[in-house]
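A.B. asks: turn this into a model:
(chains A, B and C)
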Amino acid sequence: MRHIIDLSDLTDKEFNDLYKLTTNIIDRPEGYVDACRGKVLGSLFYEPSTRTNLSFSTAMMRLGGSVVGFSDPRSSSTTKGETLKDTINMVSCYADMIVMRNPREGAAKAASLYSSVPVINAGDGGHLHPTQTLADMVTILRMRGSADDMKIGLCGDLKYGRTVHSLLHFLERFHNVQVYLIAPDALKLPDYMISFLKEHNMPYCEVNSIDEVLPELDVLYMTRIQRERFTSAQEYENLEGSYQLTAEKMKRAKKDMLVLHPLPRVDEIAQDVDDDPRAVYFRQARFGMFGRMALLLTLSKLPFERAGHQDIGHEPGVRCSNHKCITRTELYVPLHGKIGDRCPYCDKLLELDI
Amino acid sequence: MRHIIDLSDLTDKEFNDLYKLTTNIIDRPEGYVDACRGKVLGSLFYEPSTRTNLSFSTAMMRLGGSVVGFSDPRSSSTTKGETLKDTINMVSCYADMIVMRNPREGAAKAASLYSSVPVINAGDGGHLHPTQTLADMVTILRMRGSADDMKIGLCGDLKYGRTVHSLLHFLERFHNVQVYLIAPDALKLPDYMISFLKEHNMPYCEVNSIDEVLPELDVLYMTRIQRERFTSAQEYENLEGSYQLTAEKMKRAKKDMLVLHPLPRVDEIAQDVDDDPRAVYFRQARFGMFGRMALLLTLSKLPFERAGHQDIGHEPGVRCSNHKCITRTELYVPLHGKIGDRCPYCDKLLELDI
Amino acid sequence: MRHIIDLSDLTDKEFNDLYKLTTNIIDRPEGYVDACRGKVLGSLFYEPSTRTNLSFSTAMMRLGGSVVGFSDPRSSSTTKGETLKDTINMVSCYADMIVMRNPREGAAKAASLYSSVPVINAGDGGHLHPTQTLADMVTILRMRGSADDMKIGLCGDLKYGRTVHSLLHFLERFHNVQVYLIAPDALKLPDYMISFLKEHNMPYCEVNSIDEVLPELDVLYMTRIQRERFTSAQEYENLEGSYQLTAEKMKRAKKDMLVLHPLPRVDEIAQDVDDDPRAVYFRQARFGMFGRMALLLTLSKLPFERAGHQDIGHEPGVRCSNHKCITRTELYVPLHGKIGDRCPYCDKLLELDI
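C.D. replies: Model prediction:
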């Protein structure tokens, strides 16, 4: 473990060690109040994200460490024409670890090239958000004991929801995970993710409402459906009831089913569900904080060696096809490969640069 | 003590213990540098308030604790459609205590329903600001020894000034407090506060200038008069001199009179008063910080049990008449009562919801 | 040492002690993790400056201290009509030291009149920025062993660049410093700075491109040239090459030449220079943090006595000629002197106040 760009980069052993440390911290938090004493976390939020920001800051402070950085690029001078490379170079002179949220896809990977300290991805556009997946996994493992032999329903926006994609990627390493995809036609899981499920022999079925499958589920992972995804308000309202969870519906669910949600929720989970003991989405936020404590502590103890990077700029004739990719704005970032290869930063396809 | 919504909720014993702890901290601050070590304060400022924010943050840090949160809702994602309930639920997963400033009246009380940790009200609109009253009381008690047998002048905007109302509410529990109300006709103390003084046998008189009563006073509590309260600039300027304190006027005051001000001041206290040893308004800010230290320390040590709350929504046909009340925007907050009852959040009257 | 307004105010002994402490911290940082424990730094940034802000905050935290304040006046209520005097009075009630960045020239000096704790200038408009000079000096002394017998090139905007002026002021106290001024005609070192060099017998020469002098230099101090300084884009582009450093040009420089830059850089140093071991501008940022640690630690240990200040307002008939001077907005700040004297805050000339 050097940088944490994608949770799936962790080996089974690395993840198991991380989870074990997380449970130790949950069970005996007072044993860790000085674990990162004297260490400083650089927290760079290029777009506001109170939830993730608070979670990381609290995690570092509960380890006895400190946090510097910015929570809003408007109050930062780093956006005034300075390259990401220079900002990262500077902050890694001050801090012992860096956590970064950035709207450009692939930004965390690019940042890691220039950092002399470990970089943790706290969300790079719609690409990856590894510590959300960590929060999900800690919740499932802690509350169920295991992620094996699990029927999991994923409900809401499965097309754009990166938390769902990351979770499915990670669940591949467990045994007998059955997947129920609960989404309107316009927001179904993309073909490449369906291919992923097939390749890894993960049984799945697609349905059009929570009601159809609710009694079967061990875990129900809810996500927000954004009104803007639909062409008319009417279309949205017609669908809404099928993807909303209510106390009434919960009566038909298993007694030990878990309801997860990455938060913030709007009205896809009705207020009257909150007091149901199976509704664990706020505890999930707390588990996320403990997972982040384990991650920060692990990285702070490992020897770190800078990647070093003397290579500058893009290979002629090639560019990433994703206009939100970090390589489209930071032109010095090295980019090699053939047309049709995956971009090493955002995983989209490389194309002809005309 | 669970939540601190209104300082008047404290019993005499609770307040005396709090004041005693405050004086211990003032006299021996070095004994408390680790008192909240490992604890995290969630600091949620939904409107900027540098003064209160700095005071609470410093207080927590001087106890060895840490602070997370936001000082400006613009750099926060919690305002993007998330309910207060969900934000509080989330933050109380991370933090050991919450301090909140919110422009909606009754917001702190509403927040306390959903928090699994103690909530401290740092100002809810024009409603309550208990730790300002705490700062006032610590200053008076520390500098005078007692709040009994005291002639206190309250000068400026007595109509809208919530600090004045809160202070009067609290002074009711002391003996022989005589109140001089020094305000222009347009900004006189409201009728319900006059009734309060009568009910509690607090002698008072109303006057139209500082000069009339200055030599009598043991304490002069100054407040800001906002220009906008007057229909014309001329009207304001005519009055200004009567409610402005100057070094010249101070010559007629008692040698041990105390001048207090909640700050920030504009020109109701002339710059030339600042170097007078009786001008204690900056020391008052410092006493406020020590009072907040005592409050945070006390809350961090008490056992806390979540109120729990399964009740959702408003009783049909009833709403709060105050359009700034938290119940007017957060519709899931439970609201019960008859028309004409006091709102349990902002203390205004309930009315027919048409 | 009481306040740090200008680095040149330090005696040789004070500076040597400060540098010695800096090197001790660099060599054994773990010995200082509790050096400022229980202390609070008030950090007041009236304009965004991520770099300086992060550097000071990290410095304080690495000493075990805490930081409160604001990084953006928009999220601060102190700008709402409150005087600088009152803000400083308030913050010095909470904090043990104050660091301030302010766009008004002379603001740090003015603030120091009202503070009961040490004030450190983190930049007052285009006037002074002493801890940048400290970062520069620590880098030179640490990497070269000495600032004596040094040929230093200063390149870029020598007219408006305050870091260059401050550095030259400070270098006056070393022996045999030869100065090469590398700037376009429009951005040459001002006459009063040339006079300074002559007065202090510092040999200098003015040239029009890096290439002319590069092989001679022991230190090359690069600064940014702002496009807006030129009347046409064409004029800028014609000049650009002469004041840009590239890997190609570096081949002609001494093997142990140091390249410094106050950062942020734009394109005056090409990306391909970054991996050259002589490019020490990011390490310079790190040395700056260590220098700030030494400064904070020194100030936190010294006995401090408030200056006290009973004097109010400007002498009739006189004002500062600099419309960016703090005395032009904060009218209570004492200002004495004759027309033609230097302003005690911003060092510009006093003029007739009509």
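A.B. asks: with only the CA atoms kept, save the longest helix anywhere in chain A in CSV.
C.D. replies: Looking across chain A with DSSP state H, the single longest helix is helix A:281-301. The C-alpha trace of helix A:281-301 is given here as CSV (Å, rounded to 0.1, in the frame of the first residue of the first chain):
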residue,chain,number,x,y,z
TYR,A,281,-27.1,4.1,7.3
PHE,A,282,-26.1,6.5,10.0
ARG,A,283,-24.1,3.8,11.7
GLN,A,284,-22.5,3.2,8.3
ALA,A,285,-21.2,6.8,8.4
ARG,A,286,-19.7,6.0,11.8
PHE,A,287,-18.1,2.8,10.5
GLY,A,288,-16.8,4.8,7.6
MET,A,289,-15.0,7.0,10.1
PHE,A,290,-13.4,4.0,11.9
GLY,A,291,-12.4,2.6,8.5
ARG,A,292,-10.7,5.9,7.6
MET,A,293,-8.9,5.8,11.0
ALA,A,294,-7.5,2.4,10.2
LEU,A,295,-6.5,3.5,6.7
LEU,A,296,-4.7,6.7,8.0
LEU,A,297,-3.0,4.7,10.7
THR,A,298,-1.8,2.0,8.4
LEU,A,299,-0.4,4.5,5.8
SER,A,300,1.3,6.6,8.5
LYS,A,301,3.3,3.5,9.7
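A.B. asks: that helix: which residues count as buried?
C.D. replies: Within helix A:281-301, the residues that count as buried by 16 or more other Cβ atoms under 10 Å in any protein chain shown are A:281-282, A:284-300. In short, each C-beta sits where N, CA and C put it, glycine included.
A.B. asks: and the nearest residue in space to residue A:173 that is not next to it in sequence, how many neighbours?
C.D. replies: Distances taken as Cβ to Cβ, 6 or more residues apart in numbering or on different chains place residue A:12 nearest to residue A:173, at 6.3 Å, with adjacent residues excluded. Residue A:12 has 8 neighbours, counted by other Cβ atoms under 10 Å in any protein chain shown.
A.B. asks: from memory residue A:12 sits against residue A:174, does it?
C.D. replies: No: counting by Cβ atoms under 8 Å, residue A:12 stays clear of residue A:174, with 10.1 Å between them.
A.B. asks: and the stretch 51-200 of chain A, which of its residues are near chain B?
C.D. replies: For the stretch 51-200 of chain A, the residues in contact with chain B (Cβ under 8 Å from any Cβ of the partner chain) are A:51, A:54-55, A:57-58, A:61-62, A:64, A:71-72, A:74-75.
A.B. asks: in JSON lines: the residues you listed, plus secondary structure, pLDDT and neighbour count.
C.D. replies: Formatted as JSON lines, those follow (DSSP: H, G, I helix; E, B strand; the rest coil; pLDDT from 0 to 100; neighbours: other Cβ atoms under 10 Å in any protein chain shown):
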{"residue": "A:51", "secondary structure": "helix", "pLDDT": "91", "neighbour count": "23"}
{"residue": "A:54", "secondary structure": "helix", "pLDDT": "95", "neighbour count": "26"}
{"residue": "A:55", "secondary structure": "helix", "pLDDT": "97", "neighbour count": "28"}
{"residue": "A:57", "secondary structure": "helix", "pLDDT": "98", "neighbour count": "26"}
{"residue": "A:58", "secondary structure": "helix", "pLDDT": "98", "neighbour count": "26"}
{"residue": "A:61", "secondary structure": "helix", "pLDDT": "97", "neighbour count": "25"}
{"residue": "A:62", "secondary structure": "helix", "pLDDT": "97", "neighbour count": "26"}
{"residue": "A:64", "secondary structure": "coil", "pLDDT": "96", "neighbour count": "17"}
{"residue": "A:71", "secondary structure": "coil", "pLDDT": "86", "neighbour count": "27"}
{"residue": "A:72", "secondary structure": "coil", "pLDDT": "75", "neighbour count": "21"}
{"residue": "A:74", "secondary structure": "helix", "pLDDT": "68", "neighbour count": "15"}
{"residue": "A:75", "secondary structure": "helix", "pLDDT": "58", "neighbour count": "23"}
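A.B. asks: one step back: from the contact counts, what lies against the longest helix of chain A?
C.D. replies: Applying 3 or more Cβ pairs under 8 Å, 6 or more residues apart in numbering or on different chains; DSSP states H and E, one finds that helix A:281-301 contacts helix A:12-27, helix A:50-62, strand A:97-102, strand A:119-124, helix A:130-144, strand A:258-260, helix B:84-94.
A.B. asks: what angle separates the fourth one from helix A:50-62?
C.D. replies: Okay, so that is strand A:119-124. Per axes from the mean of the first three to the mean of the last three Cα atoms, to 10 degrees, the angle that strand A:119-124 makes with helix A:50-62 is 160 degrees.
A.B. asks: what does the longest one give?
C.D. replies: With the same axes, to 10 degrees as the criterion, the two stretches helix A:12-27 and helix A:50-62 enclose an angle of 80 degrees.
A.B. asks: mean confidence score for helix A:12-27?
C.D. replies: Mean pLDDT, helix A:12-27: 98.
A.B. asks: repeat that for the shortest one.
C.D. replies: Mean per-residue pLDDT for strand A:258-260: 98.
A.B. asks: and that strand, what does it pack against?
C.D. replies: When contacts are defined as 3+ Cβ pairs under 8 Å, 6+ apart, strand A:258-260 packs onto helix A:130-144, strand A:219-222, helix A:281-301.
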